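S.K.: give me coordinates for this.
(chains A and B)
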Amino acid sequence: MAVRFDRVSKKFGATLVLNEVSFSFAKGEVVSLLGPNGAGKSTALQILLGLRRPTTGSVTVFGEPAGSLAAKTKIGVTPQDLQFPGPMRVREILDFLAGFHASPRSVPELIELLELGTLQDRKSGVLSGGERRRLGLAAALIGNPELLVLDEPTTGLDLDSKKILWATLKREVQKGLTLLLTSHDLQEIQAMTDRVLLLAKGRVLYEGSLAQIHERVNLQRLRFDLSQTIDFTGAPPAFEITREGLEVQVLTEQGWNWVRYLAQREAPVLDLQVADAGLEEALDVLLETGRA
Amino acid sequence: MNPVLRLCAFQIRETFRQPLYVVTTLLFPSMFFLFFGVPNATDERAALILISSFSCFAVLGVVLFQFGVSFAQDRASGWMLHLRTLPVSPHALWTAKILTGLFFAVLASLGVMLTAMVSVDYLVPNARLLNFFLSLWGGGFLFASLGIIIGLVSNPRAAVPTANLIYLPLSFAGGLWLPPDALPRLVQKASEFLPTRHYGELVWAAALGEPVLSRWWMGLLIYQVIFAVTAVILMKRDEGLRFG
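M.R.: Here you go, the predicted model:
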């Protein structure tokens, strides 16, 4: 197993932030750790990285206790709050970090991989947010890690940097890297994620593949315009109905029943569209209904 | 390369690239000595006391600012957090931080010595140099604990004013700018109880080749035990809060 959380609890004073959290994932998997603010994601990551100790339970990284030097040699990380010493140059920072690892990757190779060539002599203090993120990814990969932990990797990234970042990650994953991601941009991580861990109120609410989420929550979004206002008395159940003037959006698991209902009522509907809802909405429903 | 040395080398290079730090912390004591010390270094005794005083001032400035301000900044910095995820022990990070501070303290005091060499007719005689530097650096390094306390109780914005609020009055009232007998009467009285006065007395005696009264070195020792114990307690509490 790449990572194993075994009944991990964490208390801050009287507040229980993680409550007997257990999960594991294998080498080579891409796992997204998701959940609303305050779910315990950051604390779980901090424990994994050895920045905090669990109150009870244990965490291992490739069989080594989290926080041990042996575990740290196997992990690369880009934290959400990414900072580098402003006066130091990109190349110097990577050379410096490489020195802490037994078999680091070649700095020129990483500079090329993340398209940092023109920036390598630039001081990190003058890098843009996107450039700093790319340097962050290079810094995370420098130790040739087996597990890469990316906390909100695309926050503040421009489009070009996003492309470079995802392309690099895809290549690394193909080579066998295990990846743990947190992100608010679920659209983006869908393309890469094998498995989702949904945390809420300090517990694992859901663990499974994206396909399983959609199986469990078969959610559709209906969009239509009305030529005159009507109420929806007797309509099939919906998680959300929003109206903006005469435009209506319905989030429901009974999309075709809604179509039938509108037809039976001879509702003055114009331009009806039915589409599968996104991952974010499906996760919201899982969270709201506790169906996980 | 040993991780501590690697960290030290990186931090030293980083610090040298901050001109404001280099000017204010490393060059100011030498400049102050040039402006206010040299004109009063009219005889050997006065010159040696002034060289000692401004050297103490230099060491004190570095240890209070290097530890106080940079510790406060590090605690809030994502970079330090990143370093904690590397396969290197937290002790190595602390040790490197302290050694880097001490390196700059040595450098700042050597700056005063070099200034004295080119501007004053009297220097600390070679026979007393070892004792002088041991007193200057040994005594001054002990103030690192006070710097660490400032860094641990201040947020990054408050650290500079807090360090200044401690550094400047302690330097003045401790007799590092003016000889203690030239201080206002009330300050003279208070001076005897200040750690900077104890420190100054230790270094003045070493420069002048005179025996140091036990009350001065014992007082300094007591202060340092208090500072060190407080710093260790605060460090453990901080580690527990942030990484527990």
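S.K.: distance check, the most centrally placed residue in chain B against A:Leu222.
M.R.: The C-alpha lying nearest the average C-alpha coordinate of chain B belongs to B:Leu60 (CA atoms, centre = their mean; 2.4 Å). Applying CB to CB, to the nearest Å, one obtains 72 Å for the distance of B:Leu60 from A:Leu222. Using the backbone N, CA and C atoms, a C-beta is placed for each residue, glycine as well.
S.K.: so which elements touch the helix or strand the residue nearest to the centre of chain B falls within?
M.R.: In this structure, B:Leu60 is located in helix B:44-62 according to DSSP states H and E. If you count contacts as 3 or more CB pairs under 8 Å, 6 or more residues apart in numbering or on different chains; DSSP states H and E, helix B:44-62 packs onto helix B:28-32, helix B:90-119, helix B:139-141, helix B:156-173, helix B:195-208.
S.K.: check which element follows the last one along the chain.
M.R.: Read that as helix B:195-208. helix B:214-243.
S.K.: where along the stretch 51-200 of chain A do the strands fall?
M.R.: With DSSP state E, counting those that start in this stretch applied, the stretch 51-200 of chain A shows strands at A:56-61, A:64-65, A:75-78, A:147-151, A:178-182, A:195-200, listed in chain order.
S.K.: of the ones you listed, which approaches B:Leu48 most closely?
M.R.: Distances from B:Leu48 to each of the strands of the stretch 51-200 of chain A were compared using CB to CB; the minimum, 53.9 Å, belongs to strand A:75-78.
S.K.: parallel or antiparallel, list what pairs with that closest one.
M.R.: strand A:147-151 (parallel) (DSSP bridges).
S.K.: could you give the angle of the partner strand to strand A:56-61?
M.R.: Following axes from the mean of the first three to the mean of the last three CA atoms, to 10 degrees, one obtains 120 degrees for the angle between strand A:147-151 and strand A:56-61.
S.K.: neighbours of residue 191, just the number please.
M.R.: Picking chain A for this. A:Ala191 has 10 neighbours, counted by other CB atoms under 10 Å in any protein chain shown.
S.K.: wait, chain B was what I had in mind.
M.R.: Per other CB under 10 Å, the neighbour tally for B:Ser191 reads 22.
S.K.: what do you get for A:Thr78?
M.R.: Using other CB under 10 Å, A:Thr78 is surrounded by 25 other residues.
S.K.: now do it, the pLDDT please.
M.R.: Per-residue confidence at A:Thr78 stands at 89 (pLDDT).
S.K.: ok, the nearest residue to B:Tyr21 once chain neighbours are set aside - contacts?
M.R.: Using CB to CB, 6 or more residues apart in numbering or on different chains and skipping the chain neighbours, the partner closest in space to B:Tyr21 is B:Thr15 (6.0 Å). Contacts of B:Thr15 were listed using CB atoms under 8 Å, 6 or more residues apart in numbering or on different chains, and they are B:Tyr21, B:Val22, B:Thr100, B:Phe104.
S.K.: which residues of chain B score low on pLDDT?
M.R.: Scanning chain B for pLDDT under 70 picks out nothing.
S.K.: enumerate the residues of it near chain A.
M.R.: Residues of chain B lying close to chain A by CB under 8 Å from any CB of the partner chain are B:1, B:3, B:6, B:10, B:13-14, B:17-18, B:77-79, B:81-82, B:84-89, B:243-244.
S.K.: apply 10 Å and report the result again.
M.R.: For chain B, the residues found near chain A under the criterion CB under 10 Å from any CB of the partner chain are B:1-3, B:5-7, B:9-11, B:13-19, B:21, B:76-90, B:92, B:240-244.
S.K.: of these, which belong to helices?
M.R.: Applying DSSP state H to the residues of chain B next to chain A, the entries found in helices are B:3, B:5-7, B:9-11, B:13-16, B:19, B:21, B:78-84, B:90, B:92, B:240-243.
S.K.: hmm, back to that, for PyMOL, what selects the buried ones among the residues of chain B next to chain A?
M.R.: Of the residues of chain B next to chain A, the buried ones go into a single PyMOL selection, burial set by 16 or more other CB atoms under 10 Å in any protein chain shown:
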select buried, chain B and resi 3+6+7+10+11+14+15+17+21+77+79+80+81+82+83+84+85+86+87+88+92
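S.K.: can you count the residues close to B:Ile222?
M.R.: B:Ile222 - counted by other CB under 10 Å - has 12 other residues nearby.
S.K.: how about it, what does it touch?
M.R.: The contact partners of B:Ile222, by CB atoms under 10 Å, 6 or more residues apart in numbering or on different chains, come to B:Pro195, B:His198.
S.K.: same question, B:Phe67
M.R.: Counting by CB under 10 Å, 6+ apart, B:Phe67 makes contact with B:97-98, B:100-102, B:105, B:143-152, B:159, B:163, B:231.
S.K.: just confirm it is within a strand.
M.R.: No: note on B:Phe67: no strand contains this position according to DSSP: H, G, I helix; E, B strand; the rest coil, which reports helix.
S.K.: domain assignment for chain A?
M.R.: Residue ranges for each domain of chain A read A:3-214, A:220-276, as given by automatic domain parsing.
S.K.: please identify the deepest-packed of those.
M.R.: For the domains of chain A, the largest average neighbour count (mean count of other CB atoms under 10 Å in any protein chain shown) is found in domain A:3-214, namely a mean of 18.
S.K.: start to end distance for that domain?
M.R.: Here the two ends of domain A:3-214 are set 25 Å apart, with distance taken as CA to CA, to the nearest Å.
S.K.: do the same with stretch B:136-144
M.R.: For stretch B:136-144, the end-to-end distance is 13 Å (CA to CA).
S.K.: residues of it that come out buried?
M.R.: Counting neighbours by 16+ other CB under 10 Å, one finds that the buried residues in stretch B:136-144 are B:Leu136, B:Trp137, B:Gly139, B:Gly140, B:Phe141, B:Leu142, B:Phe143, B:Ala144.
S.K.: just give me how far it sits from the chain centre.
M.R.: When distances are taken as CA atoms, centre = their mean, to the nearest Å, stretch B:136-144 is centred 6 Å away from the chain's centroid.
S.K.: next, the contact list for residue 202, please.
M.R.: Since you didn't name a chain, this refers to chain A. For A:Gly202, the contact set (CB under 10 Å, 6+ apart) comprises A:8-11, A:15-21, A:35, A:38-40, A:43-44.
S.K.: oops, chain B please
M.R.: Residues counted as contacts of B:Leu202 (CB under 10 Å, 6+ apart) are B:52, B:56, B:131, B:134-136, B:138-140, B:212-213, B:216-217, B:219-220.
S.K.: and which of those is nearest to chain A?
M.R.: Closest approach to chain A among these (CB to the nearest CB): B:Gly140, at 26.1 Å.
S.K.: near chain B, anything from whichever helix in chain A runs longest?
M.R.: The helix that spans the most residues within chain A, counting by DSSP H, is helix A:159-174. No: applying CB under 10 Å from any CB, one finds helix A:159-174 out of contact with chain B, separated by at least 17.5 Å.
S.K.: what is the mean pLDDT for that helix?
M.R.: Along helix A:159-174, the predicted confidence averages to a pLDDT of 87.
S.K.: my guess is the residue nearest to the centre of chain B contacts B:Gly140. True?
M.R.: Yes: between B:Leu60 and B:Gly140 a contact is recorded at 6.1 Å, counting by CB atoms under 10 Å.
S.K.: joint contacts of these two?
M.R.: Residues touching both B:Leu60 and B:Gly140 (CB under 10 Å, 6+ apart): B:Ala105, B:Ala108, B:Ser109, B:Thr196, B:Tyr199.
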